[in-house]
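J.: I'd like to go over a predicted model; first the sequence, then the structure.
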Amino acid sequence: MNFNHFPPMLKSPNRFSVVLSGGLARGAAHLGVWRALSEGQLVPERVVGVSIGAMIGAYLCKEGSRGEALGILRELVAQALHNETKVKEGNFWDTWRLISLERRRAFIEEALGLRGLTFSQLPLPLYITATRLVPPGRVVFGDQPTDSVVEAILASTAVPSHPPVRVGKHYYLDGGMSGNLPVKEAVERGGRVVLAVNLGPPMRRVSGPLGDTLWRFYRTVSRLPSLWEVHRCKARGAKVFQVSSAAIESHGIFAFDRLDTIEEAGYKATQRVLPALRKALGRLDEDHSSTAAL
């Protein structure tokens, strides 16, 4: 990624963006984030999603602001993860089968109802990032209105333990490999206030003095790319609010049997930043009104 090249920030009324990062089972936190935003009547004008964030974001963008979308999605995820695969944390084989290309495609097309949809057909604008193998780098799906939503999600969720996914002439792996918090993509597309949901590094916290020290070092190092990306966006004048929580990161990325707990952690973490987020959006409204009056 070239962080030194930023096109001018769009002067657009579409100011509020949400970025949903990857993290497998921790993606349940995104449901809590959306619930908190809905209760606060804060609906973003665009969503940028990575990996599981792309999958959940696509469904929420498809349903728009319908309140029942959260409940439907929660039931679909629970059914797919519990009733069908009986996945439990640490069971690698069950998890491997769960995230296979065939199961992902079936869930995205049938359960989420995204079969045949293009990005232009989504009521709420969505952008999905994936990692292109050759030439290597981050790619954003959604700039072309006719891009397939399903194929973009499959590319963004192609974890390295599975073969890469081909879309067009290129092969792709999980979007998190080229940046798990693509705030830059939201800012380049007009986002002046960005709520970025950071689900944390893949490894969860280890108990004990030595384990805790090593984990803190690992967490710091793994967050450096996203912190630098956020820093560059702030330098361009964007207001970026990160949603992160030790309660979310305390669960492993395969903790599919704790979705309700993770969702609640995402809800509470979002509530903590809502006052500052609302204040920033209010200032933008004032600036927009002042400019319109001139």
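T.: On my side now, so go ahead.
J.: what about the residue nearest to L259 when sequence neighbours are not counted, is that helix, strand or coil?
T.: Excluding its sequence neighbours, the residue lying closest to L259 (CB to CB, 6 or more residues apart in numbering) is A28, at 4.2 Å. The way it works is simple: take the backbone N, C-alpha and C, and place the C-beta from them, glycine included. Put simply, A28 is helix when judged by DSSP: H, G, I helix; E, B strand; the rest coil.
J.: how deep is A28 tucked in, by neighbour count?
T.: A28 sits with 30 neighbouring residues when counted by other CB atoms under 10 Å.
J.: so how far is G211 from it?
T.: 25 Å (CB to CB, to the nearest Å).
J.: Could you point out which residue ranges in the stretch 151-294 of the chain have low pLDDT?
T.: 206-207, 285-294 (pLDDT under 70).
J.: Just the strands from it, written as ranges.
T.: Per DSSP state E, counting those that start in this stretch, the stretch 151-294 of the chain carries strands over the ranges 165-167, 170-173, 193-197, 239-243.
J.: Can you tell me the strand partners of the second one and which way each runs?
T.: Using DSSP bridges, the strands paired with strand 170-173 are strand 126-132 (antiparallel), strand 165-167 (antiparallel).
J.: What residues of that strand count as buried?
T.: Neighbour counts over strand 170-173 (16 or more other CB atoms under 10 Å) mark 171-173 as buried.
J.: Show me the contact partners of it.
T.: If you take CB atoms under 8 Å, 6 or more residues apart in numbering as the criterion, strand 170-173 is touched by 130-134, 139, 155-156, 158-160, 164-166.
J.: circling back: any idea how far the residue nearest to L259 lies from R35?
T.: For A28, the distance to R35 - CB to CB - is 11 Å.
J.: what's the closest of the buried residues of strand 170-173 to I253?
T.: L173 (16.2 Å; CB to CB).
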